[in-house]
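Engineer: Fold the following.
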Amino acid sequence: MSLDLSQKKEQAHELIERLPPVQLTAVVGLLEAMVDPVARAIAQAPVDNEPLTRQEEKALVEAQEWLEGNQPIPHEQVLRELGITQAEIESCKDPA
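Structural biologist: Next comes the predicted model:
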């Protein structure tokens, strides 16, 4: 049975070697999502079909209006301003 698994891995490696760069990027993203339990949980989460509140709708309109006259703020800049790093965020564990 491990020989079969070994053959499958070898076949996967051979197929990956034949991919053009654009498709390789897509496959890497897919593989990362498959091995990352959080990404998989998000992908499998039910669609949120709860209607927006008036307050949420207003906030969305305000955000869209702000973006019309301003550049988006990069995630890295927000982290710097908060004095935290992405590594710190990723190292946090859910207490549940």
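
Engineer: now the helices: where do they sit in this structure?
Structural biologist: Assigned by DSSP state H, the helices in the chain fall at 2-18, 21-35, 37-44, 54-69, 75-82, 86-91.

Engineer: among those helices, which gets the worst mean confidence?
Structural biologist: The minimum mean pLDDT among the helices of the chain belongs to helix 37-44 (a mean of 78).

Engineer: can I get the helices of the chain in CSV with mean neighbour count?
Structural biologist: Where C-beta positions appear, they are placed from N, C-alpha and C, glycine not excepted. Formatted as CSV, the helices of the chain follow (neighbours: other C-beta atoms under 10 Å):
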stretch, mean neighbour count
helix 2-18, 9
helix 21-35, 11
helix 37-44, 10
helix 54-69, 9
helix 75-82, 10
helix 86-91, 9
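
Engineer: now stretch 57-64, how far from the chain's geometric center?
Structural biologist: The chain centroid and the centroid of stretch 57-64 are separated by 23 Å, computed with C-alpha atoms, centre = their mean, to the nearest Å.
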